[in-house]
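Asker: 3D model of this:
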Amino acid sequence: MAAKPQKKSSSDSNKRKRLPNQKSDGPISDSKKPKFTTNPNKFRSNSSSVQSKLTNRPFKPPAKDYQKPGVKKDGVEDDKKLRRLQAKELAEARKKKRKKHYTLEQELALLWEKMRSRNIAKEDRSRLVSEALKKMKGKISEIASSHVSSRVLQTCVKHCTQEERNAVFVELRPHFIALASNTYAVHLVTKMLDSASKEQLAEFISSLHGHVASLLRHMVGSLVIEQAYNLGNATQKQTLLMELYSPELQLFKDLVTMKENRLEDVVSKLQLQKSSVLRHMTSVLQPILEKGILDHSIVHRALMEYFSIADKSSAAEFIQHLSGASLVRMIHTKDGSRLGMLCIKHGSAKERKKIIKGMKGHVDKIAHDKFGSMVLVCILSIVDDTKLLSKIIIRELEGNLKELLLDQNGRRPFLQLLHPNCARYFNPDDLTSLSLSIPSLKNKATSSFSSSIGESEGGEAVEEDKNDEDDHSDASKQLNEGGKKDSLKRRQELLVNSGLAEKLVDACCEMTEDMLRSKYGKEIIYEVATGGADGILHATLDEKLSSLHEAIASIAAQPKPDEPEEHILQHFHSSRAIRKLVLDCPTFASTLWKKALVGKCAIWAKGHSSKVINAFLETSNSEVKEMAKEELQPLIESGDLSLPVVE
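Answerer: Numbering: from 1, shown residues only. As a prediction, the model looks like this:
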């Protein structure tokens, strides 16, 4: 039977205990480590005792060879700096091997930092420019593609003398085509074109012969072609365009020098096969559309010419390519705007929806643009989806309504809804743009009113009797028949049902005087005050229109001021707007007479205000004429007021 283990004595148990400050031969196991107590008072007493022990210890300065952890000795740090310098020198040596003119570029960069300063004197800058050009002489074509040197050259070309600029042009002339495709050198080429003389520009355009199509397909090179196209005269523009029509025109330079502007005339004059020209233009324009190079006016012009000869399938395919958010980037030019109208006119409902959705967020900017505003006019005249138009186009127009009403271009969409295709607000060129159609897709029902894409000598589409306003107003009813919905119903939904008409009346009441004095705002307030064409506003807004008439009459009733500012009846624009309202709106004429003019006609019988007084005698409304006749008759007899001339 095994013996029982003996009990340990108290002395043995005391030997196993160790104080916290005593050293141990080995690590203390987890079971032997002191445990934290849950008594906060006990913990506080222990911590205070430890703190007292630490504070009572005498301070010992660190040893001389003491070093903080992570900090290396001086020798190691010097080795690191040395390795860094060696790596830098090695990188410099590699750059010198790789770049032929690396040292020259470093010198030019130092000169550039000085010459581009705003505070430098003109003489000092000229000296630095001359010094830089001397260093670059004979090497300009080689260093023009460098990121640094191209910037130096641009600054030199901008500030150098004409002789120095000519010398740079001569040196770069054999290398223009190669430089035009370089990311950095292209900016130098465009800068050279900006400052080029007529002879130099003609020489540069001549050097582009045979390379126009290839450069237009290049994202960078297309910038140079566009710059040359914008700077060139009509003949030079036609020269660049004709290279896109046929491979024969690229090969034989003599064929390009023709006076014909229209592609159809070129095809008939040179007896080219239309199918061959169409196939070549498709091969040129298709990659341009796929790459999204749509901002350039030369591309817009080429697409317009393409549509003039395209068959039905080719035209429909290109319209499908153009219909979308990318169309917004094209409508800032005349031809781009017309392309947008053609896409809206001949596109399907799905394609129109893509175009309108692509304009979301850009409507205000488009409305302020001369050509973009006409695209909005076309959309409001053709698209049947009035809910989509109200949600995107109308709402964004309302967001900046007051500013747009006084803007020359911004007012156009509102005028189109108030009085569609009016020759008083849209010039013959605008109406021609609205009536354009693609020959292969043209609707037979509108063939008598829509002109073809063909251009006249000045580059404008021909419209018969375009100087006759009556003919324009008659034809305007048939201009935009792309939609199936009745035009009056479409206007009603866009103008009245959307709430736009009410906001227009409110804005006119709020800005009455400003709009009457404005050259462009007076036309809006006239159309609103008369109720719009066909009386479209009278059905629901008669009360608000009466308040607008009262607002105009209240301003006209103010006394004649002694200050330099003219009274509303004496101002050039406002007097004519009020005169037209008197002639065309009997309700307004009655309100104005009773509130502002009765008993005061002698004051306004001379100057611009006399036109307003005479309008009461010229009006075709007998009631208005009789109302004013009694007071105006003495002024006529005394010679203060002249009778209107009856033709």
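
Asker: three-state assignment of Lys485?
Answerer: Put simply, Lys485 is coil when judged by DSSP: H, G, I helix; E, B strand; the rest coil.

Asker: mind listing what it touches?
Answerer: 384, 386 (C-beta atoms under 8 Å, 6 or more residues apart in numbering). Quick note: C-beta positions are derived from backbone N, CA and C, even for glycine.

Asker: same thing but at 7 Å, please
Answerer: Shown in contact with Lys485 (C-beta atoms under 7 Å, 6 or more residues apart in numbering): Asp384.

Asker: what does stretch 272-285 rub up against?
Answerer: Taking C-beta under 7 Å, 6+ apart as the criterion, the residues outside stretch 272-285 that touch it are 213, 244-248, 267, 302-303, 306, 309-310, 314.

Asker: all strands of the stretch 351-500 of the chain, in order?
Answerer: Counting by DSSP state E, counting those that start in this stretch, the stretch 351-500 of the chain yields no residue ranges for strands.

Asker: Phe176 contacts Ser207, doesn't it?
Answerer: Yes. With contact defined as C-beta atoms under 7 Å, Phe176 reaches Ser207; the gap is 5.6 Å.

Asker: neighbour count winner among these two?
Answerer: When Phe176 and Ser207 are compared for neighbours, Phe176 comes out ahead with 20 against 15, by other C-beta atoms under 10 Å.

Asker: got a list of what that one touches?
Answerer: Neighbouring residues of Phe176 by C-beta under 7 Å, 6+ apart: 189, 204, 207.

Asker: and those residues as JSON lines, adding secondary structure, pLDDT and distance to Lys611?
Answerer: Listed next are the contacts of Phe176 as JSON lines, based on DSSP: H, G, I helix; E, B strand; the rest coil; pLDDT from 0 to 100; distance: C-beta to C-beta, whole Å:
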{"residue": "Val189", "secondary structure": "helix", "pLDDT": "94", "distance to Lys611": "57"}
{"residue": "Phe204", "secondary structure": "helix", "pLDDT": "94", "distance to Lys611": "56"}
{"residue": "Ser207", "secondary structure": "helix", "pLDDT": "91", "distance to Lys611": "60"}
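
Asker: just send these back as CSV, with distance to Val148 too.
Answerer: Shown next, in CSV, are those (distance: C-beta to C-beta, whole Å):
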residue, distance to Val148
Val189, 17
Phe204, 25
Ser207, 26
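
Asker: which of these sits closest to Leu255?
Answerer: For those, the closest approach to Leu255 (C-beta to C-beta) belongs to Ser207, at 17.9 Å.

Asker: and Glu563, which of the three is it?
Answerer: Each residue gets one of three states, and Glu563 gets coil by three-state DSSP.

Asker: I'd like to know how many residues surround it.
Answerer: Other residues near Glu563 come to 6 when the count uses other C-beta under 10 Å.

Asker: mind listing what's buried in stretch 211-227?
Answerer: For stretch 211-227, the neighbour count (16 or more other C-beta atoms under 10 Å) marks 211-213, 215-218, 220-227 as buried.

Asker: in CSV, list the C-alpha atoms belonging to that stretch.
Answerer: Extracted C-alpha coordinates of stretch 211-227, given in CSV (Å, rounded to 0.1, in the frame of the first residue of the first chain):
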residue,chain,number,x,y,z
HIS,A,211,-4.2,63.2,-94.3
VAL,A,212,-7.5,64.9,-93.4
ALA,A,213,-9.5,61.6,-93.0
SER,A,214,-6.8,59.8,-91.0
LEU,A,215,-6.2,62.8,-88.7
LEU,A,216,-10.0,63.2,-88.1
ARG,A,217,-10.1,59.6,-86.8
HIS,A,218,-7.4,60.5,-84.3
MET,A,219,-8.5,61.9,-81.0
VAL,A,220,-5.5,64.4,-80.9
GLY,A,221,-5.1,65.0,-84.6
SER,A,222,-8.7,65.9,-85.1
LEU,A,223,-8.0,69.1,-83.0
VAL,A,224,-5.6,70.3,-85.6
ILE,A,225,-8.0,69.7,-88.5
GLU,A,226,-10.8,71.5,-86.6
GLN,A,227,-8.5,74.5,-85.9
